[in-house]
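Sequence plus the predicted model coming up.
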Amino acid sequence: MTTEEIYIAQSTDIACSTLGDDTIIMSTLDSTVFMLNAVGTAIWKAADGEIPLSRIVQEQVCSQFEVAEDLALADAKEFVGELAQHGILSITSTPHSPSEVL
C-alpha cells in the first residue's frame, strides 16, 4: 500500500514566538492562537514546503521522542490539518516554497 506524500509550509499570515521548546502561533486571518509543545514545534520548524511530512516525522519527531512512526505520522497529519484549516500551514502534494502558495 502506498500513501501520497504531503508537504507543509508555514504561512506568512501568522505571528509566532518560540520560547524554549514551545511555540505560540497566531493566525492573522482569524486570530486563532495555538500553543505548540516540543513535538509540534519540531514539525513547525521543519515545515519548509520542500521536505515531505513523513520525513519530518522520521527525522524530527521519531528521532527525538519515543513514539512509533505510524502513530506519529497519523498524529502529525491530524495536527497539520488543523493548522491548515486556520491558514497557519499550507499543505500540498508536491514540494513548494512558502512564497509559491501565497
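That came in fine, so what should we check first?

CA atoms for contacts and neighbours, from now on please.
OK.

Quick one: list the elements packing against the single longest helix found in the chain.
Secondary structure of the chain per DSSP state H: the longest helix is helix 69-85. Packing partners of helix 69-85 (3 or more C-alpha pairs under 8 Å, 6 or more residues apart in numbering; DSSP states H and E): helix 53-56, strand 89-92.

tell me which residues of the first one are tucked away?
Meaning helix 53-56. For helix 53-56, the neighbour count (16 or more other C-alpha atoms under 10 Å) marks 53, 54, 56 as buried.

For residue 20, what are phi and psi?
When read as degrees, to the nearest 10, the backbone of residue 20 gives phi 70, psi -120.

How many residues are close by it?
Neighbour count for residue 20, taken as other C-alpha atoms under 10 Å: 9.

buried residues in stretch 59-67?
Neighbour counts over stretch 59-67 (16+ other C-alpha under 10 Å) mark 60, 61, 62 as buried.

Export these to JSON lines and append columns for secondary structure, pLDDT and distance to residue 17.
Putting the buried residues of stretch 59-67 into JSON lines (DSSP: H, G, I helix; E, B strand; the rest coil; pLDDT from 0 to 100; distance: C-alpha to C-alpha, whole Å) gives the following:
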{"residue": "60", "secondary structure": "helix", "pLDDT": "94", "distance to residue 17": "19"}
{"residue": "61", "secondary structure": "helix", "pLDDT": "96", "distance to residue 17": "20"}
{"residue": "62", "secondary structure": "helix", "pLDDT": "95", "distance to residue 17": "24"}
